[in-house]
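Participant: Fold the following.
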Amino acid sequence: MLKGNKEEKVLQLFPEGARVRATNHKKSFSAIIRRDGQVRFDGTLYSSLSAAAKAALGRSVNGWWFWQVERGKNNWIRLHEARRAGIPIFRRK
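Facilitator: Presented below is the predicted three-dimensional model:
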């Protein structure tokens, strides 16, 4: 689970159920960020973005770089860009 003031502010960027996606060598992955910061990927809850990314790739990777989030309809950006800019995230209903 994410901890600290900076991470709490980051979590405010993501509405409950924010979808994230990633691609690697033509393979696609998708996950859901929960309000508590846990990430549901492939039916399993992970305590961090990086843990979910590691489960997807089978090796360590920075989850903020790996995952992309939908900022608007068909407008996907890397999570590290959203975090840096403080951009609120779109949640498709």
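Participant: Now do the helices in the protein.
Facilitator: For the chain, the helices defined by DSSP state H cover 4-11, 49-57, 63-66, 79-85.
Participant: and the second one, how far from the chain's centre?
Facilitator: Helix 49-57 sits 10 Å away from the centroid of its parent chain (CA atoms, centre = their mean, to the nearest Å).
Participant: again, but for stretch 35-55
Facilitator: Here stretch 35-55 is found 8 Å from its chain centre; the criterion is CA atoms, centre = their mean.
Participant: in it, what counts as buried?
Facilitator: Under the neighbour-count criterion of 16 or more other CB atoms under 10 Å, stretch 35-55 has 37-39, 41, 46, 48-54 buried. Backbone N, C-alpha and C define where each C-beta goes, glycine included.
Participant: and if you look at stretch 71-79?
Facilitator: Residues 71, 78-79 are the ones in stretch 71-79 that count as buried (16+ other CB under 10 Å).
Participant: mean confidence for that stretch?
Facilitator: Average pLDDT, stretch 71-79: 82.
Participant: Send over that stretch as CSV, restricted to the C-alpha atoms.
Facilitator: Output of stretch 71-79 as CSV, limited to C-alpha atoms (Å, rounded to 0.1, in the frame of the first residue of the first chain):
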residue,chain,number,x,y,z
ARG,A,71,-6.9,10.8,-18.8
GLY,A,72,-9.8,11.2,-21.2
LYS,A,73,-11.6,9.1,-23.8
ASN,A,74,-8.8,7.3,-25.7
ASN,A,75,-6.2,9.6,-24.1
TRP,A,76,-3.7,7.4,-22.2
ILE,A,77,-0.6,8.8,-20.4
ARG,A,78,2.1,7.1,-18.2
LEU,A,79,1.3,7.3,-14.5
